[in-house]
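> Return atomic coordinates for the entry below.
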Amino acid sequence: MNPLTEYGQRLVNDLALRYSLMPESVITMAEAVCNGNGTMAQFYCPELGGGGQWMQGGMTMVGDMFNNQLQSTVSNLCGELSNAMQQGMIFQPPAINRSGTGPNWWPGEWGSPASSGAQNGIRYAIFPHCRRLALEMNGEVSTYDTGDHMISGVSQQQGNGMSLTFSSQYGNVWLENLPILSGFNPFMGPSSAPATSPEPIVNAASAAPFENVPANSMPAATNDAVSATNTAEVLDAIEKLASLHAAGVLTDQEFSSKKAELLQRL
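Model prediction:
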């Protein structure tokens, strides 16, 4: 695990004092909670009865299973650490090793991810302890800063283009909204645009005379193209609303109301 931040050090000192624990024990529990994305922890801490497990809003298990006081201490400590994760970064994020990756496809100095998987040829790994996300597609690895999002579920969205969305304590967050640390968004390609050729210089004397063209003489195809674009944008927006509705972010009434507003634009 990486070194503590100033915020993390103050937190450890405060919790160690209030719970009458060694700072090393609090750090061990902080690592376990961070690795569990703030919702669970599997730990081994001699001062807290050895091996145990904690789940947010669920059961707490300790080595001394009949020691209710110890069980309460672990539950309260993990709860405070989980809340603290949302207030600031406990551990310093590792620097990105641009010379290569570790034994796995993600940066090796990030350690083990809390969760990883693959969807339709895209691999992902989530590192809540250092607030990092790694994606791999066609051999290209891109890394992101997840900020204070406690990311859990991953889903792939399809509309006018493909993208990934992640579930966090704030609802759904789109991949495009996460700052890129290295590489590029696999759905958007490199951010650098190709160089364009300079506009040719036209001799004013040889240029054709300017003619005023009435506005109503524009080809009808232009209006058709604009209409098709607006339709696609509205349908894409409705699809995104449906995703938010399915995730429980929007109520039935909110979804129906916003959908009706969008359909009126067609």
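> quick one: the helices in this protein?
Remark: helices assigned in the chain by DSSP state H are 6-19, 23-35, 68-87, 220-246, 252-263.
> Would you mind putting these into TSV with mean pLDDT and distance to Pro46 alongside?
For the C-beta atoms, the positions are set from N, CA and C on the backbone; glycine is no exception. Rendered in TSV, the data for these read as follows (pLDDT from 0 to 100; distance: least, CB to CB, whole Å):
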stretch	mean pLDDT	distance to Pro46
helix 6-19	96	15
helix 23-35	93	8
helix 68-87	93	12
helix 220-246	62	45
helix 252-263	73	51
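> can you tell me which of those helices comes nearest to Glu140?
Counting by CB to CB, Glu140 lies closest to helix 220-246 out of the helices of the chain; the figure is 25.7 Å.
> tally of neighbours for the closest residue to Trp174 other than its chain neighbours?
Once its chain neighbours are removed from consideration, Trp174 has its nearest residue in Thr165; the separation is 5.5 Å (CB to CB, 6 or more residues apart in numbering). Using other CB atoms under 10 Å, Thr165 has 21 neighbouring residues.
> my read: Thr165 touches Val173, true?
Yes - shown here, Thr165 and Val173 form a contact pair, counting by CB atoms under 8 Å, at 6.8 Å.
> picking up where we left off before, tell me the pLDDT of the residue nearest to Trp174.
With respect to pLDDT, Thr165 scores 83.
> same question, the one 5 residues further on
The model reports Tyr170 with a pLDDT of 81.
> For Arg123, which of the helices of the chain is the nearest?
Comparison of the helices of the chain against Arg123 by CB to CB identifies helix 23-35 as nearest, at 19.4 Å.
> Could I get the CA-only coordinates of that closest one as CSV?
These are the backbone C-alpha positions of helix 23-35, laid out as CSV (Å, rounded to 0.1, in the frame of the first residue of the first chain):
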residue,chain,number,x,y,z
PRO,A,23,-1.5,3.3,14.4
GLU,A,24,-0.3,0.2,12.5
SER,A,25,-3.6,-1.6,13.3
VAL,A,26,-5.6,1.4,12.0
ILE,A,27,-3.6,1.5,8.8
THR,A,28,-4.2,-2.2,8.3
MET,A,29,-7.9,-1.7,8.6
ALA,A,30,-7.8,1.4,6.4
GLU,A,31,-6.1,-0.7,3.7
ALA,A,32,-8.7,-3.4,4.0
VAL,A,33,-11.6,-0.9,3.7
CYS,A,34,-10.1,0.9,0.8
ASN,A,35,-9.5,-2.4,-1.0
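> just checking, what packs against that helix?
Counting contacts by 3 or more CB pairs under 8 Å, 6 or more residues apart in numbering; DSSP states H and E, helix 23-35 packs against helix 6-19, strand 40-45, helix 68-87.
> now the longest one, how far from the chain's geometric center?
So that's helix 68-87. Computed by CA atoms, centre = their mean, to the nearest Å, the separation of helix 68-87 from the middle of its chain amounts to 24 Å.
> go on, the second one?
On the basis of CA atoms, centre = their mean, strand 40-45 sits 24 Å off its chain's mean C-alpha point.
> What about Ser168, how many residues nearby?
Ser168 - counted by other CB under 10 Å - has 17 other residues nearby.
> actually Leu235, sorry about that
Here the count is done by other CB under 10 Å, and Leu235 has 15 residues near it.
> surely Asn37 meets Phe166?
No - taking contacts as CB under 8 Å, Asn37 lies outside contact range of Phe166: 11.3 Å.
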